[in-house]
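[1] Next comes the sequence, and after it the predicted model I'd like to discuss.
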Protein chains: 2
Amino acid sequence: MSLIHFEDVTVGDTHRFGRYEVTREEIIEYARQFDPQPFHLDEEAARRSMFGGLVASGWHTGAMLIRMVCDHAIPGSATTGALGFDDLKWLKPVRPGDILSVETVVREKTESRSRPDIGVVKIESRVHDQRGETKMTLFSLVLYRRRAASPPA
Amino acid sequence: MSLIHFEDVTVGDTHRFGRYEVTREEIIEYARQFDPQPFHLDEEAARRSMFGGLVASGWHTGAMLIRMVCDHAIPGSATTGALGFDDLKWLKPVRPGDILSVETVVREKTESRSRPDIGVVKIESRVHDQRGETKMTLFSLVLYRRRAASPPA
């Protein structure tokens, strides 16, 4: 199968993929290791918080997103990592029992000024739940290899 | 100890804190669970990649940041989570043996239009290594409770 290179990407391209079941156990395990705030860690404390119940760390939601991207989007693409991202919003809490999926839309393409072999693609990612509510959005700056720069066969 | 509320925060406030030792084992463990790209997972594949060796997932670096924030910054502050963040840049790869720390600078303060009990503080976070190189930067939008909104004693 031919990989999707920078030249193959078109602004407006939209993809939907992934299925991530959020569990109480994984929320607490992640929080213990990285984000031990009471509303991520402890059911009783979470009930008394502004969230009214246990919610996943926002960084954990980001980790779930990159897992779905690794499983479904990266395998067919000639990507070589990302520069960073912009305008991440945690719109709704992620709770045990939520089933997440991803929608991506290509928003911009820019050739690299310093590296002729790559281009930067700005991709909007939206994480939805099973009810279609949007939990998190962000814009990633993803590096794609260019076909034009590949050595001739 | 009195918690730092919205009114106590001043634009320009700077704090340095944290010490996070990055290990090969933790890089691979995180990558297996959330970001199984070869350069995060496998020493040999990583050597052949653009990174020239094993590097942490960028989302893992974010997790290390929030862990240092939880251990050192949140305990003294009347914060209630974050709305999201802007302009995250992964500037240098994070590798096994790196020892990370954090520098935060308050950049903006905004009263919430919808909620009189909170304010939004824009905080620049910079993750440095033991040589003073900056690995990652981002701007978080953090919610602080307001003293003014607390019920009179």
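    Arrived safely, thanks for sending.
[2] switch to C-alpha atoms for all contacts and neighbour counts from now on
    Fine.
[3] bridging residues for A:Glu119?
    One thing to correct before we go on: residue A:119 is Gly, not Glu. According to DSSP bridges, the residues that bridge with A:Gly119 are A:Glu111, A:Tyr144.
[4] Verify the stated contact: it with A:Ala148.
    No. In this structure A:Gly119 lies outside contact range of A:Ala148 using CA atoms under 8 Å: 10.9 Å.
[5] neighbour-wise, which of those two wins?
    Neighbours were counted for A:Gly119 and for A:Ala148 using other CA atoms under 10 Å in any protein chain shown; A:Gly119 has more, 23 against 13.
[6] residues contacting the more buried one?
    The contact partners of A:Gly119, taken as CA atoms under 8 Å, 6 or more residues apart in numbering or on different chains, are A:6, A:109-112, A:143-146.
[7] tilt between the lowest-mean-pLDDT helix or strand in chain A and strand B:79-90?
    Lowest on mean pLDDT, DSSP states H and E among the helices and strands of chain A sits strand A:79-90, with a mean of 91. Computed with axes from the mean of the first three to the mean of the last three CA atoms, to 10 degrees, the direction of strand A:79-90 lies at 160 degrees from that of strand B:79-90.
[8] Run the chain-centre distance for strand A:79-90.
    Centre-to-centre, strand A:79-90 and its host chain are 8 Å apart (CA atoms, centre = their mean, to the nearest Å).
[9] Of the contacts of A:Gly119, select the buried ones using a PyMOL command.
    To isolate the buried members of those in PyMOL, using 16 or more other CA atoms under 10 Å in any protein chain shown:
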select buried, chain A and resi 6+109+111+143+144+145+146
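[10] May I see the contacts of A:Gly119 organised as JSON lines, with distance to A:Leu100 and pLDDT added?
    Compiled in JSON lines, the contacts of A:Gly119 are given as follows (distance: CA to CA, whole Å; pLDDT from 0 to 100):
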{"residue": "A:Phe6", "distance to A:Leu100": "28", "pLDDT": "95"}
{"residue": "A:Lys109", "distance to A:Leu100": "27", "pLDDT": "96"}
{"residue": "A:Thr110", "distance to A:Leu100": "30", "pLDDT": "95"}
{"residue": "A:Glu111", "distance to A:Leu100": "32", "pLDDT": "91"}
{"residue": "A:Ser112", "distance to A:Leu100": "33", "pLDDT": "84"}
{"residue": "A:Leu143", "distance to A:Leu100": "25", "pLDDT": "93"}
{"residue": "A:Tyr144", "distance to A:Leu100": "26", "pLDDT": "95"}
{"residue": "A:Arg145", "distance to A:Leu100": "29", "pLDDT": "94"}
{"residue": "A:Arg146", "distance to A:Leu100": "32", "pLDDT": "94"}
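[11] quick one: which of the contacts of A:Gly119 is nearest to B:His60?
    The nearest member of the contacts of A:Gly119 to B:His60, counting by CA to CA, is A:Leu143 at 18.8 Å.
[12] That closest one: what's it in contact with?
    Counted by CA under 8 Å, 6+ apart, A:Leu143 has contacts A:79-83, A:118-121.
[13] Not counting its neighbours along the chain, what's nearest it?
    The shortest distance from A:Leu143 to any non-neighbouring residue, by CA to CA, 6 or more residues apart in numbering or on different chains, is to A:Val120 (4.8 Å).
[14] quick one: contacts for that neighbour?
    A:6, A:109-112, A:141-144.
[15] so where is chain A shaky, pLDDT-wise?
    For chain A, applying pLDDT under 70 flags the ranges A:1, A:149-153.
[16] In it, which helix is the longest?
    helix A:58-72 (DSSP state H).
[17] Show me which residues of chain A sit near chain B.
    Contact residues, chain A versus chain B (CA under 8 Å from any CA of the partner chain): A:33-37, A:50, A:59, A:62-64, A:66-67, A:70, A:80, A:82-91.
[18] Apply the buried test to those residues and list what passes.
    A:34-37, A:59, A:62-64, A:66-67, A:70, A:80, A:82-90.
[19] about what we covered before: just want the angle from the longest helix of chain A to strand A:79-90.
    140 degrees.
[20] just checking, what packs against helix A:58-72?
    In this structure, helix A:58-72 packs against strand A:14-21, strand A:99-111, helix B:24-34, helix B:58-72, with contacts taken as 3 or more CA pairs under 8 Å, 6 or more residues apart in numbering or on different chains; DSSP states H and E.
[21] No further questions, thank you.
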